[in-house]
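Q: structure for this input, please:
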Amino acid sequence: MATVKAIDVIKRNGQRPTESFERDKLHHSIHAACLSVRSADGAAVEAADKVCDIVVIWCEKRAAVTSDDIRRQAAKALAVFHPEAAYFYQHHRMIM
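A: Predicted coordinates for the structure are as follows:
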């Protein structure tokens, strides 16, 4: 796992305190989305690893990103590896 430069994540349009980007938090979220659509654990971990790599590269080009930006980029990357999980990940607030 590569070292990630400090990236500020702006939460809820600035209404909540800004926090540092945490790859593990994103990984857990992607992994959970894959498992929620009955993906095998190994495939879920692999998809989460790949998505996190893509999102980190995207984030490193920016000084600050919103949590919505991260969710959109992660869903876009996940759609390549697991479209059903990507849909669930992107729309989980409406589904739950």
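Q: tell me if His28 really is in a strand.
A: No: read with DSSP: H, G, I helix; E, B strand; the rest coil, His28 is helix and lies in no strand.
Q: which residues does the helix or strand containing His31 contact?
A: His31 is part of helix 23-36, with elements assigned from DSSP states H and E. The contact list for helix 23-36, computed with CB atoms under 8 Å, 6 or more residues apart in numbering, reads 1, 4, 41, 43-45, 47-49, 51-52, 55-56, 70, 74, 78, 82, 85-86, 88-89, 92. Placement of C-beta: from N, CA and C, glycine included.
Q: what helix or strand does Arg72 sit in?
A: helix 67-81.
Q: so what pLDDT did Tyr87 get?
A: Here the pLDDT value assigned to Tyr87 is 94.
Q: next: Pro83.
A: At Pro83, pLDDT is 96.
Q: one step back: tell me what angle the helix holding Arg72 forms with helix 23-36.
A: 50 degrees (axes from the mean of the first three to the mean of the last three CA atoms, to 10 degrees).
Q: hmm, back to that, in the helix holding His31, what's buried?
A: 23, 26-27, 29-31, 33-36 (16 or more other CB atoms under 10 Å).
Q: show me what the mean pLDDT comes to for that helix.
A: 96.
Q: how far off centre is it?
A: Here helix 23-36 is found 7 Å from its chain centre; the criterion is CA atoms, centre = their mean, to the nearest Å.
Q: I am finished for the moment; much appreciated.
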